[in-house]
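Colleague: Just a sequence and a predicted model for now, questions to come.
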Amino acid sequence: MTDQKKVVDILLGMGRVMEENKEFLTDLDNTIGDGDHGINMARGFAEVEKQAEGLAGKDIGNILKTTGMTLVSKVGGSSGPLYGTAFMKAGMTIGAKTEIGMDDFLGGLEAGIEGVKARGKSTTGEKTMLDSMVPALEAMKEKQAAGADVKAVLEAGVAAAEAGVEATKPMVATKGRASYLGERSVGHQDPGATSFAFLLKEICNAY
Ligand code: ADP
Ligand code: MG
């Protein structure tokens, strides 16, 4: 089981990973977007970090909702509102719990993905974050249904997210700024899909 403190620790870890990979993510976005994805993500999680002390006393649904609102309000670009919506929807679905298990996490992620799809008017195959999120969720649901332990479920998710990132390379972007490039977006991995794989890996590393 995962308690509030661990959720906050993971959020702080996500901030470190976004900071460490800021340049890499920004370089990816330079190639097919406007070169700010790493900056956006690092800034957003730095704002979350500023609230960390206050967060720890809240229930897990509230921690995630507050995180989401911070990302929506403090991060420019499309990734802030999209990731922010994902965290808010996950928080609403998980609700006022002080401990969660894998079923809660997967339910939260599923709601988060639905939130991204609705807010982004997007789906898989369009070279976005959804192309690592959706296969990761599917792989984790499958492992969970097979009775695997938390670590094995998360590892399967990370592997699927990373494969999803690779799979964005041959895709033509049809959503977001990369879509302005059309065919010229082919051959490059999507920054948002990449940041999600990093975030999920950070969750996995916590177990
Ligand atoms: P911006 O594109 O506004 O500069 P970022 O660079 O921070 O914002 O984020 C870009 C990422 O956001 C893309 O790599 C993609 O994964 C994701 N993205 C953009 N538009 C959408 C959308 N409509 N649906 C899902 N994800 C999207
Ligand atoms: Mg950008």
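Modeller: Sure, I can see it. Remember, predicted model here, so these are calculated numbers, not experimental data. Ligands and ions are numbered 1, 2, ... in the order given.

Colleague: Show the contacting residues for the residue positioned nearest the centre of the chain.
Modeller: The chain has residue 196 as the residue nearest its centroid, 4.0 Å off, counting by Cα atoms, centre = their mean. Contacts for residue 196 (Cβ atoms under 8 Å, 6 or more residues apart in numbering) come out as 129, 132-133, 136, 161. Every residue, glycine included, has its C-beta placed from N, CA and C.

Colleague: Name the nearest of those relative to ligand 1.
Modeller: Closest approach between the contacts of residue 196 and ligand 1, by Cβ to the nearest ligand atom: residue 129, at 3.8 Å.

Colleague: okay, now the closest one: neighbour count?
Modeller: Other residues near residue 129 come to 32 when the count uses other Cβ atoms under 10 Å.

Colleague: hang on, the earlier thing: list the buried ones in the helix or strand that the residue nearest to the centre of the chain is a member of?
Modeller: Assigned by DSSP states H and E, residue 196 belongs to helix 191-205. Neighbour counts over helix 191-205 (16 or more other Cβ atoms under 10 Å) mark 191-204 as buried.

Colleague: next one: stretch 117-127
Modeller: So, applying 16+ other Cβ under 10 Å, buried residues of stretch 117-127: 117, 119-120, 122, 124, 126-127.

Colleague: looking only at pLDDT, what's the mean for the helix holding residue 196?
Modeller: Mean per-residue pLDDT for helix 191-205: 98.

Colleague: check whether it contacts ligand 2.
Modeller: No - with Cβ under 5 Å from the ion as the criterion, ligand 2 is not reached by helix 191-205; the gap is at least 6.9 Å.

Colleague: any bit of that helix sitting next to ligand 1?
Modeller: Yes - against ligand 1, helix 191-205 shows contacts by Cβ under 6 Å from any ligand atom at 191-193.

Colleague: and which of those is nearest ligand 2?
Modeller: residue 191 (6.9 Å; Cβ to the ion).

Colleague: Verify the stated contact: that closest one with residue 39.
Modeller: No - the pair residue 191 and residue 39 does not pass the contact test of Cβ atoms under 8 Å, sitting 11.0 Å apart.

Colleague: Mutual contacts of those two, please.
Modeller: In contact with both residue 191 and residue 39: residue 26, using Cβ under 8 Å, 6+ apart.

Colleague: chain center to the lowest-mean-pLDDT helix or strand in the chain: distance?
Modeller: Ranking every helix and strand in the chain by mean pLDDT, DSSP states H and E puts helix 52-55 at the bottom, with a mean of 90. Relative to its parent chain, helix 52-55 has a centroid offset of 20 Å by Cα atoms, centre = their mean, to the nearest Å.

Colleague: and it, which residues are buried?
Modeller: Buried-residue list, helix 52-55, by 16+ other Cβ under 10 Å: residue 55.

Colleague: and it, what does it pack onto?
Modeller: Secondary structure elements in contact with helix 52-55, counted by 3 or more Cβ pairs under 8 Å, 6 or more residues apart in numbering; DSSP states H and E, are helix 4-20, helix 60-74.

Colleague: Also compute the angle for the first one relative to helix 191-205, please.
Modeller: Think helix 4-20. With axes from the mean of the first three to the mean of the last three Cα atoms, to 10 degrees as the basis, helix 4-20 and helix 191-205 are set at 140 degrees to each other.
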